[in-house]
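Asks: mind looking at a prediction? Sequence and model below.
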Amino acid sequence: MRAHNRHVDLPARVQVVEVGARDGLQNEQGVVAPELKISFIEALADAGLPVVEVTSFVDPRWVPQLADAEEVLRGLERKAGVRYPVLVPNERGLDRAIAAGADEIAIFASATETFSQRNLNRSRDEAAQIFAPVAEKAIAAGVRVRGYLSMVLGDPWEGAIPPHEVVAQGRRLLDMGCFELSLGDTIGVGTPGRVQDLIEAFADAAIGPQHLAVHFHDTYGQGLANVLAALQCGVAVVDASAGGLGGCPFAHSATGNLATEDLVYMLDGLGIESGIDLDAVARASTQLCAALGKEVASRVTRALQGRQPGVE
């Protein structure tokens, strides 16, 4: 039974963007069979996830795990009302994605110059020159474009990032036509106060919370606290990964993305609607992690696995 939401400053409903099948699985060392990816994505859609990111159309030489992008996207039995975005790095990736049936894409940029150079092998300005025609071409083809901005609360080389720099890079993506900007704390160093300072900096630049989403890693155990801070600022879209799949290669202690189950448990407790069946997500992540031979990182799922019959 849901608690009544007495928190008038919180959104009544939150949209969860599930990133486990792409952001989570791309870091797995052993190649995951496309059939397993498809069944995982379909199980998450059946569990009520309104947005399930499918894959990335990057060059398979760089990310062998995603060499099956076309096969996975084409093989999905799509559920009505569910969005299935894919990540694309350039125009070639966009062309592949559209040919495989994509109707929503995401492009990704860095808030910091150093990470842009290390991750994309180009400066932030050069990256913008790559992404602008991708967004333009996608929108002309009727494909929606979401923007990801990484390292918004700090990176391993530059440390904390001044909010105005993050806002400047985020505005670039929105000006390209992105309908939403997902703010990524890629190495999980953020704290609630800094999250709110950043969202307020966007508001000061006339970019309200209706244009923003948040994407947190739980490296320092701040993931849920940071989500709550963002919700208090009016953000109502949160990225999460079933089972807590994923991690960041630049933070050796990283525990991965914020787990979808942990997020949904908190939203339920706050009386915030998400439309997601917590137990169904827990089953999907448990089954996938069992197939991968790893333990589920979600604390809520581990608690549910040990729950005694009759205990709520």
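Replies: Yep, that arrived. Numbers count the residues shown, from 1 in each chain.

Asks: which parts of this structure are strands?
Replies: Assigned by DSSP state E, the strands in the chain fall at 15-18, 51-52, 86-87, 104-110, 144-150, 180-185, 212-216, 237-240.

Asks: tell me who's in contact with residue 18.
Replies: 44, 49, 51, 52, 53, 239, 240, 241, 242, 260 (Cβ atoms under 8 Å, 6 or more residues apart in numbering). The C-beta positions use only the backbone N, C-alpha and C, and glycine is treated the same way.

Asks: what's the closest of those to residue 286?
Replies: Distance to residue 286 across these (Cβ to Cβ) is lowest for residue 242, with 9.6 Å.

Asks: out of the strands of the chain, which gets nearest to residue 69?
Replies: Comparison of the strands of the chain against residue 69 by Cβ to Cβ identifies strand 86-87 as nearest, at 7.1 Å.

Asks: other SSEs contacting the closest one?
Replies: strand 104-110 (3 or more Cβ pairs under 8 Å, 6 or more residues apart in numbering; DSSP states H and E).

Asks: please pull out the lowest mean pLDDT helix or strand from this protein.
Replies: Among the helices and strands of the chain, helix 113-120 carries the lowest confidence by mean pLDDT, DSSP states H and E, at a mean of 90.

Asks: what comes up buried for that one?
Replies: 113, 115, 116, 117, 119, 120 (16 or more other Cβ atoms under 10 Å).

Asks: tell me which stretches of this protein form helices.
Replies: For the chain, the helices defined by DSSP state H cover 34-46, 69-75, 91-99, 113-120, 124-140, 163-175, 192-204, 223-232, 260-269, 278-292, 299-305.

Asks: including distance to residue 156, pLDDT and neighbour count, could the contacts of residue 18 go into a markdown table?
Replies: A markdown table is the format used below for those (distance: Cβ to Cβ, whole Å; pLDDT from 0 to 100; neighbours: other Cβ atoms under 10 Å):
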| residue | distance to residue 156 | pLDDT | neighbour count |
| --- | --- | --- | --- |
| 44 | 31 | 98 | 27 |
| 49 | 31 | 98 | 30 |
| 51 | 29 | 98 | 20 |
| 52 | 30 | 98 | 27 |
| 53 | 25 | 98 | 26 |
| 239 | 21 | 98 | 26 |
| 240 | 23 | 98 | 29 |
| 241 | 21 | 97 | 31 |
| 242 | 27 | 97 | 35 |
| 260 | 26 | 98 | 35 |
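
Asks: skipping adjacent residues, who's closest to residue 84 in space?
Replies: residue 54 (5.1 Å; Cβ to Cβ, 6 or more residues apart in numbering).

Asks: so what's that neighbour scoring on pLDDT?
Replies: If you check residue 54, the pLDDT there is 98.

Asks: extract the CA atoms of stretch 112-130 and return them as CSV.
Replies: Taking Å, rounded to 0.1, in the frame of the first residue of the first chain, the C-alpha atoms of stretch 112-130 are listed here in CSV:
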residue,chain,number,x,y,z
THR,A,112,34.7,18.8,-18.5
GLU,A,113,37.4,19.3,-21.1
THR,A,114,39.6,16.6,-19.7
PHE,A,115,37.0,13.8,-19.8
SER,A,116,35.9,14.9,-23.3
GLN,A,117,39.4,14.4,-24.5
ARG,A,118,39.8,11.1,-22.8
ASN,A,119,36.4,9.6,-23.5
LEU,A,120,35.6,11.1,-26.9
ASN,A,121,39.2,11.9,-28.1
ARG,A,122,38.1,15.4,-28.9
SER,A,123,37.5,18.7,-27.2
ARG,A,124,34.1,19.9,-26.0
ASP,A,125,33.9,22.3,-29.0
GLU,A,126,34.9,19.5,-31.4
ALA,A,127,32.3,17.1,-29.8
ALA,A,128,29.6,19.8,-30.2
GLN,A,129,30.5,20.0,-33.9
ILE,A,130,29.9,16.2,-34.2
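
Asks: got a list of contacts for it?
Replies: 89-90, 109-110, 150-151, 155, 157-158, 161, 165, 169, 172, 176, 186.

Asks: out of those, which comes closest to residue 232?
Replies: Checking these against residue 232 by Cβ to Cβ gives residue 161 as the nearest, at 21.4 Å.

Asks: I'd assumed residue 150 was in contact with that closest one.
Replies: No. The pair residue 161 and residue 150 does not pass the contact test of Cβ atoms under 8 Å, sitting 10.6 Å apart.
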